[in-house]
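**Q** Could you look at this predicted model? Sequence included:
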Protein chains: 2
Amino acid sequence: MSDLLERLRGRGWRMTAQRRVVAEVLDGEHVHLTADEVHARAVAKLPEISRATVYNTLGELVTLGEVLEVSTDKRAKRYDPNAHRPHHHLVCARCGSIRDVHPTGNPLADLPDTERFGFTVSDVEVTYRGLCPDCAGS
Amino acid sequence: MSDLLERLRGRGWRMTAQRRVVAEVLDGEHVHLTADEVHARAVAKLPEISRATVYNTLGELVTLGEVLEVSTDKRAKRYDPNAHRPHHHLVCARCGSIRDVHPTGNPLADLPDTERFGFTVSDVEVTYRGLCPDCAGS
DNA sequence: GAGTTGACTTGGACTTAGTCCAATGTAGGA
DNA sequence: TCCTACATTGGACTAAGTCCAAGTCAACTC
């Protein structure tokens, strides 16, 4: 965690209590939280923190490349603190829970030039969908 | 187009002017419209159609598997009438435009059992991102 | 063709997720 | 310690979508 804070300080971030709290929340258990969940956990540590600040801070972290935005469905965006290891996502279609996964293969190489339509393709995102053990069981 | 209408009638759909218009809009040029764009085009053909009906109808078409929902970003969902040929998407990071693409390879096979965490994986969605020729040029 | 009825449509209120902004506060350099 | 540019606040606002009670009408029956 202090890694993250150090990197941020190094990038000229002014270190406020609010930003520290948001960084701590993300750096805790590695789950994929929505902005509102981040806010809820931040409030537990710093009751007066506002929603706007959480949104601002998350946006900045995304811009800095420290956190990834994941929008696997129409519901709220989720934030993935695991920005430094490339990975993809496995999403439960029922409950929306997310796991990071590391498939073999390179989907970027699987897109022939004829299928690129003049686009400059820079990134690929693979989302596997299915049912998590809990939802499949019930 | 009458294909689509036929299929829907065969499934017990009551055929109303509104549903016909929505089906026609989707079946026209093959682009990926947002619900509001569908509504706008539907209004051009049938001025009194309501937003709620467009949403209802789109939802039903998705449930029936006639249309795919694509949510490539946090913005509005888009609807893809090309539900009968499996394909993936290439999205412009700047303007949000979408192309259907057909990569080689099978990403489902690329997810080893050890990376499935007990999930029943049924589907995979690949989204390529980049800049379209228009946005890259400017 | 008329009657019936349950499925469909309507529009407006509501919700959820997120953005914006003017006023206020404060981290960190001088 | 002071200063100020950067950060935070909260409340209003927006966009996308859902919900619902009341009204309408497609299609079946006769």
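**A** Looks like it arrived, so ask away.
**Q** Counting neighbours, which bits of the lengthiest strand in chain A end up buried?
**A** Ranked by residue count under DSSP state E, the longest strand found in chain A is strand A:120-131. Using 16 or more other CB atoms under 10 Å in any protein chain shown as the test for burial, strand A:120-131 gives A:121, A:124, A:125, A:126, A:127, A:128, A:129, A:130, A:131. C-beta here means a position set from N, CA and C on the backbone, and glycine is covered the same way.
**Q** Let me see the contact set for residue A:17.
**A** Residue A:17 is in contact with residue A:46, counting by CB atoms under 8 Å, 6 or more residues apart in numbering or on different chains.
**Q** Got the confidence number for it?
**A** Note for residue A:17: predicted pLDDT of 95.
**Q** Please apply the same query to residue A:42.
**A** Note for residue A:42: predicted pLDDT of 96.
**Q** Distance of it relative to chain B?
**A** 21 Å (CB to the nearest CB, to the nearest Å).
**Q** Unless I misread the structure, that residue falls within a helix.
**A** Yes - counting by DSSP: H, G, I helix; E, B strand; the rest coil, residue A:42 is located in a helix.
**Q** Pull the contacting residues for the residue nearest to the spatial centre of chain A.
**A** Geometric centre of chain A, nearest residue: residue A:80, 2.0 Å, by CA atoms, centre = their mean. Residue A:80 sits next to A:32, A:67, A:68, A:69, A:70, A:98, A:100 when contact means CB under 8 Å, 6+ apart.
**Q** Show me which of the buried residues of strand A:120-131 is closest to residue B:60.
**A** Distances from residue B:60 to the buried residues of strand A:120-131, taken as CB to CB, are shortest for residue A:129 (20.9 Å).
**Q** quick one on the thing from earlier: tell me the strands beside the longest strand of chain A, with direction?
**A** The pairing partners recorded for strand A:120-131 under DSSP bridges are strand A:88-92 (parallel), strand B:120-131 (antiparallel).
**Q** got the contact list for it?
**A** Strand A:120-131 has contacts (CB under 8 Å, 6+ apart) with A:72, A:88-94, A:101, A:103, A:107-108, A:111, B:90, B:93, B:107-108, B:111, B:119-131, B:136.
**Q** Stretch A:107-116 now?
**A** Contacts of stretch A:107-116 (CB under 8 Å, 6+ apart): A:121, A:124, A:126, B:90, B:101-105, B:107, B:110, B:126, B:128.
**Q** Going by neighbour count, list what's buried in it.
**A** For stretch A:107-116, the neighbour count (16+ other CB under 10 Å) marks A:107, A:110, A:111, A:115, A:116 as buried.
**Q** now these in a markdown table, with pLDDT and secondary structure?
**A** Converted to a markdown table, these look like this (pLDDT from 0 to 100; DSSP: H, G, I helix; E, B strand; the rest coil):
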| residue | pLDDT | secondary structure |
| --- | --- | --- |
| A:107 | 88 | helix |
| A:110 | 89 | helix |
| A:111 | 90 | coil |
| A:115 | 92 | helix |
| A:116 | 93 | coil |
